[in-house]
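Trainee: have a look at this prediction, sequence included:
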Amino acid sequence: MNPASRDFLLAFDCGSTNFKAAIFDAGGRRLADHTEAVRYSLNDGVRVELDPEETWETALRTLRGVSRAAGLAPEALGTLTFASQAQTFTICDDAGRAFMPLLSWLDQRASAEAEELGRRLARDFHRHCSLGSAVSQLQLAKMLWAKRCWPAAFADGRRMASLPGFLALRLAGLNAMDPNLAAMSGLYSLQTGGWWSEALAAIGLEAVSMPDLAAAGAGVPLRCTHPDFPLPAEARVVFAGNDQTCGAMGNDCVAGEWLATLGTALVVYRCAGENPGPYHPFTLWGPWPHGGFYELATHDKGCAALDWARERLMPGATPDDFAREAAYADPSTSPLFFPSAIRGPNAWSAEAGLSEMARAVYEGILFALRDLIFDDMDAGARLDRVCAIGGGSQPDFRLQLMADILERPVRRGTGDALDGAARLARGRLIPRSESEGRQWIPSPTGVHLSAERHARWKAMNRARFSLRSEGKA
């Protein structure tokens, strides 16, 4: 390995739980990895913020950590590519100074603004925006909320910066965003292929306040370098889209195989082909970087529900400890678990033994996954197999349970968003792992039991929702 070569690529995943980075050589071999936990300055389930300076320091630790692990200086890197969580943003000047916190995509304070924008932009909304309607987590709604909360931050000459755009602005002087990520914001039009003028007008901004648009996978020249991580002047920055798109690319998912990410959120992703969306009213859609489109459905309570339940049932236990406890359960005596009810007193349908209550958590999250796939996305016969990735895909018993609940084979993905971002940036495939990943096949007994329990879970969930809507619970 020649450290002076500029053929090395650093892929950076701006995740919701961790920042992750990997370095690849010219032949596509993954040389080193490094992970740093993301720290939220505020997170109470509704208000979710990151401090820009602390986030920058976390990113620097991630970059330096992976460089040390690979034995490379920043000057050896020819490409820096970003995959990202969706919709997290701040307001910056051209020097990279932030004038408000980074508002996470998990933040839900903009409900009033979402209703207001929904009324104003309702006509054909889903043909412009990835999302079917204006919701509190939509970046468009949060921009209006932030503008009212921190009006001074939106002074002339300042622009919105997505999380990868904020990091790229500090590292390379580039505040840019690719259409794959921008389409999820509510600020970009999938019809016109540019910033959505009607949406911007609705929040009192113009396109000059938005990041530059860069094609997903295209190398953008640096405008400057940062002394704390000095990239070479000839390096390029690549914006590789949302982390779900990169995850699908990293695992070679094609038509018939859908990607399920068991991470902070629960996400289902499929390559939808050449016909533009929208496809279903409760799903997201957007441009696939190599042409065509994708479809995505999400449930906020993925590993968030798992972490909450683990701390409640086994304080201080590791995820592996919790999974082992759940694997001992008698499924026929387990209660039912409702991920949407976490932080309340009735997340479980009944009290039971520790193992049975732990197992119910995994099962309830996977029941929510089934509804995403077969109700929201209307999978039907189009789904042949599921590829599972994310931290929640590690327990073997969980993937067998997934196969039984979905009645489809499930394989554990061997790639990740970093592999996908590297593949997109290089314009050619990074070699796959030697193993495609272990596969789990539905068992007749498991399918029968899961179908019966899912029917009861769904009926109880529907009844609970009806009671909440009527103000009786």
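Mentor: Everything's here; your move. Residues are numbered from 1 along each chain as shown.

Trainee: drop to CA atoms for contacts and neighbour counts, all remaining ones
Mentor: Fine.

Trainee: pairing partners for the helix or strand where Thr79 lies, with directions?
Mentor: If you go by DSSP states H and E, Thr79 is part of strand 77-84. Here the strand partners of strand 77-84, with direction, are listed using DSSP bridges: strand 8-14 (parallel), strand 236-242 (parallel).

Trainee: and the longest helix that the chain contains, which residues are buried?
Mentor: In terms of residue count, the longest helix belonging to the chain (DSSP state H) is helix 444-469. Neighbour counts over helix 444-469 (16 or more other CA atoms under 10 Å) mark Gly446, Val447, Ser450, Ala451, Arg453, His454, Trp457, Lys458, Asn461, Arg464 as buried.

Trainee: kindly report the same for stretch 146-159.
Mentor: Residues of stretch 146-159 classed as buried by neighbour count (16+ other CA under 10 Å): Ala146, Lys147, Ala153, Phe154, Arg158, Arg159.

Trainee: same question for stretch 363-375.
Mentor: Residues Glu363, Gly364, Ile365, Leu366, Phe367, Ala368, Leu369, Arg370, Asp371, Leu372, Ile373 are the ones in stretch 363-375 that count as buried (16+ other CA under 10 Å).

Trainee: re the thing from before, out of the buried residues of stretch 146-159, which sit inside strands?
Mentor: Secondary structure from DSSP state E places Arg159 of these in strands.

Trainee: and the buried residues of stretch 146-159 as CSV, adding distance to Thr17 and pLDDT?
Mentor: As requested, the buried residues of stretch 146-159 are exported to CSV (distance: CA to CA, whole Å; pLDDT from 0 to 100):
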residue, distance to Thr17, pLDDT
Ala146, 23, 97
Lys147, 27, 96
Ala153, 27, 96
Phe154, 28, 96
Arg158, 28, 96
Arg159, 26, 97
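
Trainee: closest to Ala297 out of the buried residues of stretch 146-159?
Mentor: Ala297 has its nearest neighbour among these in Ala146, at 26.2 Å by CA to CA.

Trainee: that closest one and Pro444, how far apart?
Mentor: Relative to Pro444, Ala146 is positioned 52 Å away (CA to CA, to the nearest Å).

Trainee: swap in Val238?
Mentor: 46 Å.

Trainee: for the buried residues of stretch 146-159, work out which two are farthest apart.
Mentor: Greatest spatial distance among the buried residues of stretch 146-159 (CA to CA): Ala146 and Arg158, at 13.8 Å.

Trainee: for stretch 221-235, measure first residue to last.
Mentor: One end of stretch 221-235 to the other measures 7 Å (CA to CA).

Trainee: other residues contacting stretch 225-235?
Mentor: 6, 60, 63-64, 74-80, 170-173, 221-222, 224 (CA atoms under 8 Å, 6 or more residues apart in numbering).

Trainee: circling back to that earlier point, what's the average pLDDT for the longest helix of the chain?
Mentor: Mean pLDDT, computed over helix 444-469, is 86.

Trainee: ok, stretch 374-383 next?
Mentor: Mean predicted confidence for stretch 374-383 is 93.

Trainee: just the terminal-to-terminal distance for it.
Mentor: End-to-end distance of stretch 374-383 (CA to CA): 9 Å.

Trainee: could you do stretch 33-41 as well?
Mentor: Length of stretch 33-41, first residue to last, CA to CA: 26 Å.

Trainee: how about it: buried residues?
Mentor: Judged by neighbour count (16+ other CA under 10 Å), stretch 33-41 contains these buried residues: Asp33, His34, Thr35, Glu36, Val38, Arg39, Tyr40.

Trainee: in what helix or strand does the third one lie?
Mentor: Taking DSSP H and E as the definition, Thr35 sits inside strand 30-37.

Trainee: beyond that strand, next helix or strand please.
Mentor: Past strand 30-37, heading to the C-terminal end, the next element that is a helix or strand (DSSP H and E) is strand 42-43.
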